[in-house]
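Peer 1: 3D model of this:
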Amino acid sequence: MRPTRGVVLAGGSGSRLHPLTKTTNKHLLPVGDVPMVYHPIRRLVEAGIEDVLVVTGVHHVGAIVNQLGSGAEFGCRFTYKVQDRAGGIAEALGLAEDFARGGPLVVVLGDNVFDAPLAPPLRVWEESKKPAMILLKSVPDAERFGVARFDGAALVEVVEKPAVPPSPFAVTGIYFYEPPVFDIVRSLRPSARGELEISEVNTRFIREGAMAWAELPGLWSDAGTHESYQRANQLLRQGELK
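Peer 2: Take a look at the predicted model:
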């Protein structure tokens, strides 16, 4: 595979974590003994990714840059992009087109905390010969996420935050994309939430037979709500997540 670049999406309003995020980007809140956003960055660097784009919101870009710097502390090089409004994950991803330079990307949401290395799924993706791959995790509260719908063993759709999940398998917020993803992003229209939905991006790939998937091993938690934020910290305190 061509050299892979990383993208960490660290924007959004963090409304589900108010009042903790009233004056602070949620990705700078501590999870364990470091800011939340350090966890996905470290996983990307461990996988051999040296160039990482950080996308953040206009209100907190200064704090993010001050915290992360050039990337030297992590062993990588950071590029920064600013998302002017909370227009959705797919909109934020669209800002990475120039950074990708026509090559593959590993995209991780900045509130993902997990212990599995990314190198093995990168190899699975390469062997699949598919232009996209998502990692899934069985969770008890799938309704909070994009959820995989299967027809037998075949993945047929990703449903965004369904009231009745069609499976327990949540899309973790770890995505692998080739450049055709940007053509899809440009064709999207805002959802009822007023956002460009990453679930629609993934469903487009699925319908074209162009999406691979794998289950993420090990422990995983998002940290985007008060409950999941506390859970991520608890797992780290117990030494179950590193």
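Peer 1: which residues touch the lengthiest strand in the chain?
Peer 2: In the chain, with assignment by DSSP state E, the single longest strand is strand 169-177. Strand 169-177 has contacts (CB atoms under 8 Å, 6 or more residues apart in numbering) with 93, 104-109, 111-112, 114, 118, 121-122, 125, 131-139, 142, 144-148, 150, 158, 198-199, 202, 212, 215-216, 220, 222. For glycine as for every other residue, the C-beta is placed from the backbone atoms N, C-alpha and C.
Peer 1: now the element after that strand, going C-ward?
Peer 2: Counting by DSSP states H and E, the next helix or strand C-terminal to strand 169-177 is helix 180-187.
Peer 1: output the contacting helices and strands for that following helix.
Peer 2: Helix 180-187 makes packing contacts with helix 89-94, helix 198-207 when contacts are defined by 3 or more CB pairs under 8 Å, 6 or more residues apart in numbering; DSSP states H and E.
Peer 1: can you list contacts of the last one?
Peer 2: Where contact means CB under 8 Å, 6+ apart, the residues beyond helix 198-207 that reach it are 88-90, 93, 130-132, 134, 146, 155-160, 171, 175, 181, 184-185, 188, 191, 211.
Peer 1: alpha carbons of the helix or strand following that helix, in PDB - could you do that?
Peer 2: Using DSSP H and E, the helix or strand that follows helix 198-207 in sequence is strand 211-215. C-alpha atoms of strand 211-215 as PDB (Å, rounded to 0.1, in the frame of the first residue of the first chain):
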ATOM      1  CA  MET A 211     -16.700  -1.500   1.700                       C
ATOM      2  CA  ALA A 212     -14.700  -4.000   3.800                       C
ATOM      3  CA  TRP A 213     -15.400  -4.400   7.500                       C
ATOM      4  CA  ALA A 214     -13.700  -6.000  10.500                       C
ATOM      5  CA  GLU A 215     -14.500  -6.200  14.200                       C
END
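Peer 1: what's stretch 89-103 in contact with?
Peer 2: 2-5, 7, 9, 11, 51, 53, 55, 79, 81, 83, 105, 107, 109, 177, 179, 181-182, 185-186, 188, 195-198, 200-201.
Peer 1: and if we set it to 7 Å?
Peer 2: Contacts to stretch 89-103, defined as CB atoms under 7 Å, 6 or more residues apart in numbering, come from residues 2-5, 7, 9, 11, 53, 55, 79, 81, 83, 105, 107, 179, 181-182, 185, 188, 195-198, 201.
Peer 1: equivalent analysis for stretch 44-57, please.
Peer 2: Counting by CB under 7 Å, 6+ apart, 4-12, 25, 41, 64, 68, 71, 74-83, 86, 92, 95-96, 99, 106, 108, 117-119, 122 sit against stretch 44-57.
Peer 1: a markdown table for the helices and strands packed on helix 180-187, including distance to Val45?
Peer 2: Shown next, in a markdown table, are the helices and strands packed on helix 180-187 (distance: least, CB to CB, whole Å):
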| stretch | distance to Val45 |
| --- | --- |
| helix 89-94 | 20 |
| helix 198-207 | 23 |
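Peer 1: what's the biggest helix by length in the chain packed up against?
Peer 2: The longest helix of the chain (DSSP state H) is helix 226-237. Counting contacts by 3 or more CB pairs under 7 Å, 6 or more residues apart in numbering; DSSP states H and E, helix 226-237 packs against strand 30-31, strand 220-222.
Peer 1: quick one: distance of the helix or strand of the chain with the lowest mean pLDDT to the chain centre.
Peer 2: Lowest by mean pLDDT, DSSP states H and E among the helices and strands of the chain is helix 226-237, with a mean of 88. Centroid separation between helix 226-237 and its chain, computed with CA atoms, centre = their mean, to the nearest Å, is 18 Å.
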